Structure formats: structure tokens, C-alpha cells
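Participant: build me a model:
(2 chains)
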Amino acid sequence: MRNKFQYFSVGLITTWLCIFGLLSFLVMVVMSFLQHDPDHIALWHFTLQNYEDLFDPIFFKIFIKSFYIAFMVTAACLLLGYPFAYIISRLPERLQNTALLLLLLPFWTSSVVRTYAMMSLLKTKGLLNTALLSLGLIHEPLQILFTNTAVAIGLIYNLLPFMILPIYVNLERFDISLIEAAKDLGAKYTTIFRKVIIPLSIPGIVGGCTLVFLPAMTLFFISDLLGGAKALLLGNLIEDQFLMANNWPRGAATSVLLTVIMAIGLLIYWFKSNKRINYDAAI
Amino acid sequence: MAEKNIIEIRGIFKSYGGQQILQNINLNVKDGEFLTLLGPSGCGKTTLLRLLAGLEKPTSGQILINGKDAKDMTPQERHVNTVFQSYALFPHMTVFDNVAFGLRCDGVTEVEIERRVNEMLRMVRLSGYEQRKPSELSGGQQQRVAIARAVVKEPIVLLLDEPLSSLDYRLRKNMQIELKQLQRKLGIAFVFVTHDQEEALSMSDSIVVMQQGNVVQQGTPRDIYETPKNISVATFIGESNIFDVVIDDANDKTIKVTVQDIQYELENDGQFKRGDKIHLLIRPEDTRVYHRSEIDDIKMMFPAVVNEVIYKGTTVDLIIKLPDGKLLSVTEFFDEDNGEDVTYVIGESVWVNWPIGWEVVLPYEE
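Facilitator: Got it, this is the predicted structure:
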């Protein structure tokens, strides 16, 4: 009985992923090698032109900038999220659940709506500027909205839970007796943190970074709304090629390149740690 | 053996959230002794060990280590190290790094670390395993790494929190011997926590029996087994046959009690009076059983029927049933010189007695 259910659920998910994950990815890969044609989606004609186009300095600049923003966002999420996850994981169980609920509560609202809310907070006469002005901390409104800073704030806000949750899951299962053993052997708290806690939570950190880094490059609506026309993420580039330029093959090539870069990153980790990535911790 | 107290525990109380875990614990650990904290789970023995390790603070009371108050001591000043129940080996470090961890915390030079760790690993017979990860070791090997990691710091007292509980029976027996040998070789005091009375009896110089946050009795294994202070110690340590009886008559020297319709005159070592209720305790190995055919003089013997025969190799354990339905445990040793026939069949009628004077008389408790 249990076996049948296992086959069923594993089979269902496998089928789902094959159709909507693997198959659509393969379509993209094929598409990326086809020739662009303004009148059709693509021409059935093999070419490497789409990839050569990506070495254009303009694309290259967007790539670099997008990587830079995603890197900063991931770093910020890690710096903000790790202590948060650590503190939650050390709370009594009842408080842990409350803290997690509070963390996830805003995400019951659509992220587009929340991003609009972020706009009204950050705009010239928004809540943030009004508050800072009335406190006398600034004398003229800060120009945050429609800058890279606004995009970064929006991304961090939206992606923080994806950093916190994997790290929390990892730390929550952390064997306290290891900390006690280190203390017993004479380790100072900084040593315990550096030599025991951080190394053992690497799977959670990698899980969190993976979940934050990719969306940080591709959440185009956040850069659309908060960055104005100035900030362009890789996600916007892909979106533009598909919808504005109507150049599906090049959009596909951009996507595939992104996937390849992420895969290389994960493979490096996989070989370096010489063990399976802890998917558990990455929920 | 030095008689100096290396640890003195004075009037320790400990409570968590209004719940008393330890009540007025007074205890000394002598230099170089193997002391065991023995008690059922939840009796506070692990809490007491954690107080000694400095992982918890007492609610009130004082712990002296080497004559000095341990309250504000850093782990470096304490010179007390712990072998944890789950071993708590660092899974991301090699065996060498695990053992070296404590020395590195103390800022010992790498040359010195190399020497001491290798020597320690040789002592626990793990040379050649330096570069393994804990997950690549067997349970017994992990156990030895945990011991090496604590001992390499040269503590004056080594604390062991049920270190053998997750090993299988044979390995546990071997580790008991190894631990005892290690303790003799190192000459330092071991404070060992266990709920296994057999382990406590076979390893300890001194046993502290704990119950519900109190020390009930402290003494040598022999003291504890042969003269338990109360009925709960007696029943916790080893098996016993217990008769609850009322004293028929008593004077300064003797008491008279009736067991199975026979009046016995026993030594009065507890100032018992006529009419006092007592527990009369007879250990299974002191309970004697005879075939009907063996015995002519049945004075001072009572009848029973063999209910169960359990062959144990070196002994035969019997469960016998008295006429009133009460069951007794009996352990008979094979004694080839004596030629006594210890082959019993279920349902056989037998005669029972015990060597007068080998019983334990304890005041009655609910």
C-alpha cells in the first residue's frame, strides 16, 4: 500500500518535472541554436549566432552588472539572514514557530503588490523620506526609488526568507552537544562559531545562496518597478528579448547561458565538498 | 592512592523552571578514584555531571575543584573534561583534528600538539586512523576518539556521561575493561555516569546511588550490594527476594520474624522493636533450593514448586512459587566439586532456605 503510494507520488513529480522542467528546458536549448526570424518564432536552421551575440559588450555589461547586484544581494541576505536563522533556531520550540510564521506572513500577499508598497515607501515623498526628514536626520529627500539601491532593497526584502529557511533548518538540527564539547575543550565562543558552527552549516548556506542568487538575477518585475528604466537585470534582458524584441532564440540562449553558469557553480561546490549537496537543507 | 579530595561538592541545589533537579548534594571525589554516579534516568546524575563540567550553573551551593571555588573558572582553569554520551565528535574534522582541538584552543605549539595527539592515539590504539573522519569509524573507535580528545588535555578529573550506552553488549564489556585500565594508567579521577548497575559494580572504586535528585547512598560496590541503605537502593542494585513482615519479638541483639510459617531469629542491627514492619531481603544467589530427596531435616525450610528454569551457562536461574503464590528468584552455581545436582524440572517440589545472617533487614517503606 505504502509502496504504491510512493511510486505514485514519486512518479507524479517525476512526470511533472520531466514535462515542465526538463522538456521545456530542452526546447529552450534547441531554440537557442535556431535562427532568428522576425515573422516566425524561429527558423529551423542551426546557428551559433545567438551565443555569439551574447559576447556583445552591451550584453556583457548587463551580465556583469546583474551578477554584481545578485552577488551583493546574496551577501546582504546571508549577513542579515544567518544571525536571524541562528537566533530563531535557539528559541524555545513554541517561539520558533511564531517567529517563522511572522517571517512568512508578508508572503501571503503577492510579491507584485508588496513591491508596489515598497515603491510608496521609497519614493521622494514616501514614508521613509518623511520619517527621516521629520527626525532631522536628513535635510532633503533621498533619491532612492529608480536606483540600483532600490532594486537591491526590493530583492533583499523578497529573497531574505529563501536565505533564512535553509539555514534555519540546518541550524535547528544542529547537535548542541558539539557546542558543549567545544566549550568543554576550552574553545572561546568566537572559536566555536568559526570552527564548529559555520563549517557545519555550510550546506544550509549553500542552499540559501542558491535559492537567492538565481532569482536575484532574474526577478525582472522588481527591477521594472523599483529600478525604472535604468536598472536592468538579466531577467529583464531575457524578458525583453522574448516579449519586446520578439527574438526567442536569443532569449533562449541568454537563459541557457545563465543555467550553465549556475550549474558550473554548483558542480564546483559538489566536487569540492566531495559529497552530495544537502538537498534536505535546501528544502 | 592519594586521599586528597580533588572535587568537593557542597550543598548543591539545582532547579529548572521551578522543578527541583538536585537537592542538597554533598559529595567528594578523591584524587585518582573511579567514582560512579548511579541511578535511574531522571535522577539528576547527568545534571550533576554537567555542573562539574561547568556546562550548567548551580542554583545554590558550591563546587570546589582542587580546593578553589569553580564558579567563575574558565574551562582552562577547571582542568575537567568530558566524554559525552553521543561522543559529540566534530564530524567535519579528522580524528587528528578532533583530538588536537582542545590543545589548539589552549595555544599549544603545533610540534607539541603533533607529539601529544600521536601519543594519545597510540594509547587508545588508533594509530593509523589520524586522517579518518568520525563517520568512517566504528562505534567503539568513535568512543575511543572521544576519550582521547578529552584525556589529551590532561584533566585532573575525567567526566564520562553514559559513554558505553550505545555500544552492543560484547563491545561494552571490552570497553569497561579498557576504561578501567586507562584510568589506572592515567591515575586521574574518573566520574562516570550510568544507569547500568552491573557496569557500576564492576568498574567503580566508589558508587554514589542517586534517586530523585538526592544522594541515597555512597560506598564501595560491595557496601552498596551487601548492605544497601534502603529498599529502593536494594531493588535498584541487583535482584532481590523481598518478604514484608512484622517483627514478632525483639531485643538489643536479635529480632524474631515469621517467614512462610517458620520463625527465624535474626540479628538486630537497626534498633528494630517488636511490631515494626520490615523488609527482609534475600539475594537470589543466597537463596538455596534442595531436591526433596536430598533433605532429611526440613526444620527451618519452607516448600516451593519450580515454576521456571533458565539455563545461563555458568548458572541456573530458577523461579520458584511459594504456596501463597509468591514468586522467588534463585541463582544456583554449577559446582562440580560439590557434586550437587542442579538439574531441576518445572513442577518439581523443592525445599528452600537461606544461610541465616546473609539476609538484609530494612525498615519498611511504602
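Participant: tell me where the model's unsure across the chain.
Facilitator: Unless you meant another one, I'm taking chain A. For chain A, applying pLDDT under 70 flags the ranges A:1-2, A:229-231, A:274-283.
Participant: try again with chain B
Facilitator: In chain B, residues with pLDDT under 70: B:1-2, B:336-340.
Participant: so what's residue 262 up against?
Facilitator: Just so you know, I chose chain A. A:Met262 is in contact with A:210, A:213-214, counting by Cβ atoms under 8 Å, 6 or more residues apart in numbering or on different chains. Heads up, the C-betas are built off the backbone N, CA and C, glycines and all.
Participant: wrong chain, I was asking about chain B
Facilitator: B:300-302.
Participant: any idea which of these is the one closest to chain A?
Facilitator: Nearest to chain A among the contacts of B:Ile262: B:Phe302, at 53.2 Å, using Cβ to the nearest Cβ.
Participant: my read: A:Arg114 touches A:Ser120, true?
Facilitator: No - under the criterion of Cβ atoms under 8 Å, A:Arg114 makes no contact with A:Ser120, lying 10.9 Å away.
Participant: neighbour count for these two, which is higher?
Facilitator: More crowded of A:Arg114 and A:Ser120, by other Cβ atoms under 10 Å in any protein chain shown: A:Arg114, with 16 against 12.
Participant: checking the more buried one next. Helix, strand or coil?
Facilitator: helix (DSSP: H, G, I helix; E, B strand; the rest coil).
Participant: skip the chain neighbours and tell me the closest residue to it.
Facilitator: Sequence neighbours aside, A:Pro106 is the residue nearest to A:Arg114 in space, at 6.5 Å (criterion: Cβ to Cβ, 6 or more residues apart in numbering or on different chains).
Participant: how near is the one you found to chain B?
Facilitator: From A:Pro106 over to chain B the distance is 34 Å, taken as Cβ to the nearest Cβ, to the nearest Å.
Participant: quick check on that residue: phi, psi?
Facilitator: Here is the backbone geometry of A:Pro106 (degrees, to the nearest 10): phi -60, psi -20.
Participant: repeat that for B:Asp72.
Facilitator: phi -110, psi 20.
Participant: repeat for the one 10 residues further on
Facilitator: For B:Thr82, the backbone dihedrals (degrees, to the nearest 10) come out as phi -120, psi 140.
Participant: bridged to it, which residues?
Facilitator: Taking DSSP bridges as the rule, B:Thr82 bridges to B:Leu159.
Participant: list the contacts for it?
Facilitator: So B:Thr82 contacts A:180-181, A:184, B:49, B:53, B:55, B:150, B:158-161 (Cβ under 8 Å, 6+ apart).
Participant: re earlier: how about the contacts of A:Met262 in a markdown table, adding secondary structure and neighbour count?
Facilitator: Converted to a markdown table, the contacts of A:Met262 look like this (DSSP: H, G, I helix; E, B strand; the rest coil; neighbours: other Cβ atoms under 10 Å in any protein chain shown):
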| residue | secondary structure | neighbour count |
| --- | --- | --- |
| A:Thr210 | helix | 20 |
| A:Phe213 | helix | 22 |
| A:Leu214 | helix | 21 |
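Participant: in chain B, what residue is nearest chain A?
Facilitator: Using Cβ to the nearest Cβ, B:Gly102 is the residue of chain B that sits closest to chain A, at 3.4 Å.
Participant: residue contacts, that residue?
Facilitator: B:Gly102 is in contact with A:185-187, B:81, B:149-150, B:152-153, counting by Cβ under 8 Å, 6+ apart.
Participant: any idea which helix is longest in the chain?
Facilitator: No chain specified, so I'll use chain A. Ordering each helix of chain A by length in residues (DSSP state H) puts helix A:57-89 first.
Participant: you answered for a different chain; I wanted chain B.
Facilitator: Within chain B, and with DSSP H defining each element, the longest helix by residue count is helix B:169-186.
Participant: I'd guess B:Val208 is in a helix, am I close?
Facilitator: No - counting by three-state DSSP, B:Val208 is not part of a helix but strand.
Participant: what residues does the stretch 51-200 of chain B have near chain A?
Facilitator: Counting by Cβ under 8 Å from any Cβ of the partner chain, the residues of the stretch 51-200 of chain B close to chain A are B:53-55, B:74-76, B:81-82, B:84-86, B:88-92, B:101-102, B:105-106, B:149-150, B:153.
Participant: measure the residue of chain A found nearest chain B to B:Asn353 for me?
Facilitator: In chain A, no residue comes nearer to chain B than A:Leu185, which is 3.4 Å away by Cβ to the nearest Cβ. Separation of A:Leu185 from B:Asn353 (Cβ to Cβ, to the nearest Å) stands at 57 Å.
Participant: more crowded one of the two?
Facilitator: A count of neighbours by other Cβ under 10 Å puts A:Leu185 above the other of A:Leu185 and B:Asn353, at 28 against 20.
Participant: so who does that one touch?
Facilitator: By Cβ under 8 Å, 6+ apart, the contact list for A:Leu185 reads B:75, B:81, B:101-102, B:105, B:149-150, B:153.
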